[in-house]
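Student: Sequence first, then the predicted structure:
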Amino acid sequence: MTDPPATTPLVRALWGATHPGPTLVVTTLSLALGVAAGLEPWRLVLLVVAVFAGQVSVGLSNDAIDAARDLAVGRKDKPIATGALTPERALSVAVASVAVALALSVPLGPGLVAAHTIALGSAWAYNAGLKSTPVSIIPFLLSFGLFPSFATLSLPAPALAAPWASLAGAALGAAVHLTNVVRDLDDDRETGVRGLPHRLGARASVVVAAAGIVVGAVAVFVGSGGGIVGAVFFVAVVVVAAATIVLAVSRRPGRAVFQLTMLAALLLAAQLVVT
């Protein structure tokens, strides 16, 4: 058996710093929305790869900028904090990834370029400091609100997505932000990060996230005209979100509450795609 290439540890560390889970989920959602919009194969491939490159840049820039804070709280799940990757290397790859994301967006039209630029700009702004302010949710509302339009703006006759789809996207983004940060509230407080979830507290953040998901589900169901499939997903979203709220109110939010909120968010994303 031969030794693995010397670049293997670096590639693994870079991938680990991209926030692989969210990166793959958002990329897969772009694929699903592109298919639902009827994109030609070449347009679909460009869109998915562009979104993937953009998400890689967001994850890497987040970890590069947060390197000192992650090191201070001993984050063993962060390659930069463990010394497997330098902040400089992560940031350089992040910048290159942004360039790739926008370059791949160009053939799909100026509308997508503009939307992708705004979305990535807001995500980088969050990483660069907005996460520590009361308006930390704004980048998520903006980026995810624009996200359903990525597919429709990539069509030969580009157009913004329907308002109800954008509202559902924004609700999804709010849920991701409010819920994801809940797991790191204590570590964030130690390093001076005080965004909106930190000010609301874990319980209120989860309740607001779940309520927002219900609003998004209602928007999709009413806006798309319902239908049997839409009704099934609508009911599923509402039931899971309601269970989340009950658990959050009745006990201290823990792993189960976080998982339920993410399940509700994924069901909302699926509802958006199938309708």
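Tutor: Ah, there it is. Numbers count the residues shown, from 1 in each chain.
Student: where does G225 fall, phi/psi-wise?
Tutor: Note on G225: its backbone torsions stand at phi 90, psi 10 [degrees, to the nearest 10].
Student: Repeat that for R194.
Tutor: According to degrees, to the nearest 10, R194 has phi -140, psi 80.
Student: Settle this for me: it is touching S132, isn't it.
Tutor: Yes. R194 lies in contact with S132 (C-beta atoms under 8 Å); the separation is 5.8 Å. From N, CA and C alone the C-beta is placed, and that goes for glycine too.
Student: Tell me where the stretch 151-275 of the chain is predicted with low confidence.
Tutor: Residue ranges of the stretch 151-275 of the chain with pLDDT under 70: 182-191.
Student: Sketch out the helices for it, chain order is fine.
Tutor: 163-182, 185-190, 196-200, 202-224, 228-250, 255-274 (DSSP state H, counting those that start in this stretch).
Student: highest average neighbour count across these?
Tutor: Ranked by average neighbour count under the criterion mean count of other C-beta atoms under 10 Å, the helices of the stretch 151-275 of the chain are headed by helix 163-182 at a mean of 24.
Student: Extract the C-alpha trace of that helix and format it as CSV.
Tutor: Coordinates of the C-alpha atoms in helix 163-182 are reproduced here as CSV (Å, rounded to 0.1, in the frame of the first residue of the first chain):
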residue,chain,number,x,y,z
PRO,A,163,-42.8,36.7,-3.6
TRP,A,164,-44.1,33.7,-1.6
ALA,A,165,-41.1,31.7,-2.5
SER,A,166,-38.8,34.5,-1.4
LEU,A,167,-40.7,34.8,1.9
ALA,A,168,-40.3,31.0,2.5
GLY,A,169,-36.5,31.3,1.7
ALA,A,170,-36.2,34.2,4.2
ALA,A,171,-38.1,32.2,6.8
LEU,A,172,-35.7,29.2,6.2
GLY,A,173,-32.7,31.5,6.6
ALA,A,174,-34.0,33.0,9.9
ALA,A,175,-34.5,29.5,11.2
VAL,A,176,-31.0,28.4,10.3
HIS,A,177,-29.5,31.4,12.0
LEU,A,178,-31.5,31.4,15.1
THR,A,179,-31.2,27.6,15.7
ASN,A,180,-27.7,27.0,14.5
VAL,A,181,-26.2,29.6,16.9
VAL,A,182,-28.1,28.2,19.9
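Student: Mind giving me the packing neighbours of it?
Tutor: Counting contacts by 3 or more C-beta pairs under 8 Å, 6 or more residues apart in numbering; DSSP states H and E, helix 163-182 is packed against helix 138-153, helix 196-200, helix 202-224, helix 255-274.
Student: As JSON lines, those with distance to A119 would be great.
Tutor: Shown next, in JSON lines, are the helices and strands packed on helix 163-182 (distance: least, C-beta to C-beta, whole Å):
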{"stretch": "helix 138-153", "distance to A119": "4"}
{"stretch": "helix 196-200", "distance to A119": "19"}
{"stretch": "helix 202-224", "distance to A119": "18"}
{"stretch": "helix 255-274", "distance to A119": "16"}
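Student: Which one, of those, ends up nearest to L85?
Tutor: helix 138-153 (24.2 Å; C-beta to C-beta).
Student: what about the closest one, distance to the chain center?
Tutor: From the chain centre to the centre of helix 138-153 is a distance of 10 Å (C-alpha atoms, centre = their mean, to the nearest Å).
Student: Repeat that for stretch 229-240.
Tutor: Put simply, stretch 229-240 sits 22 Å off its chain's centre (C-alpha atoms, centre = their mean).
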